[in-house]
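A.B. asks: Curious how this folds, go ahead:
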Amino acid sequence: MKKILFLAVMGFFCLPAFAQIISTNKAQVSFYSKTPLEDIEAKSVTGNSVIDVKSGKIIFRLNNRSFDFPKKLMQEHFNENYMESDKYPTSEFKGTLSAPINLAKDGLTKMDVDGTLNVHGVTKPCKAKVDILVSKGIVTATSTFKIKIADHKIDIPTIVFKKIAEEIDVRVQATYSEKKS
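C.D. replies: Residues are numbered from 1 along each chain as shown. Below you'll find the model as predicted:
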């Protein structure tokens, strides 16, 4: 599966041999929904992502079943009723950073990322702020953004409608290392 993902990502970039690629398969993604009845949160630590530091192109893919919830019943409902993880096993972001990443210069750079987010089989435009921290050639990217459930046609039964917020807060943190050719 990882080899297929890597080949698909490389095909997406169609990059020449001199491109500088950084990647991770341990990106952390968490989401949080605050409601009057019950807060809902979950975390995954197995996101896959690749960035071409020169062009700023980025792709990020996550297995929907990789989210871990504090209550197993929440996890079951998430996968079976809301995300329909058997039908839509992954969520994916494809986009471009607003500037190239300079691996030779340590420090924090605030950027924008603009692209498309596919969740639950529905692709929508997505823009977010991202902090890029470079330290000794290692890149850590952090972003927080909101997703509207209705935008991705995730049906919430009326019986639990008040338990789930209309917007979900999403946080992504990924530490990238250079791909060796």
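A.B. asks: contacts and neighbour counts: CA atoms only from here.
C.D. replies: Noted.
A.B. asks: Name the spans of the chain whose pLDDT lies under the cut-off.
C.D. replies: Within the chain, the stretches with pLDDT under 70 are 1-19, 157-164, 180-181.
A.B. asks: residue ranges for the strands of it, please.
C.D. replies: If DSSP state E is used as the criterion, the strands of the chain fall at 21-33, 40-52, 57-63, 90-97, 107-119, 122-135, 138-148, 167-178.
A.B. asks: Show me the residue at the heart of this protein, geometrically.
C.D. replies: The centre of the chain sits closest to residue 60, judged by Cα atoms, centre = their mean, with a distance of 5.4 Å.
A.B. asks: Now do the closest residue to it other than its chain neighbours against residue 130, distance only.
C.D. replies: Leaving aside its sequence neighbours, residue 60 sits nearest to residue 49 (Cα to Cα, 6 or more residues apart in numbering; 4.2 Å). Going from residue 49 to residue 130 by Cα to Cα, to the nearest Å gives 14 Å.
A.B. asks: Now tell me what touches stretch 61-73 from outside.
C.D. replies: Applying Cα atoms under 8 Å, 6 or more residues apart in numbering, the external contacts of stretch 61-73 come out as 30, 41-49, 75, 79, 83, 85, 88-93.
A.B. asks: Now the terminal residues of that stretch, how far apart.
C.D. replies: Note: stretch 61-73 ends 25 Å apart using Cα to Cα.
A.B. asks: neighbour-wise, which of residue 49 and residue 130 wins?
C.D. replies: Neighbour tally, residue 49 and residue 130, criterion other Cα atoms under 10 Å: the higher count belongs to residue 49, 25 against 20.
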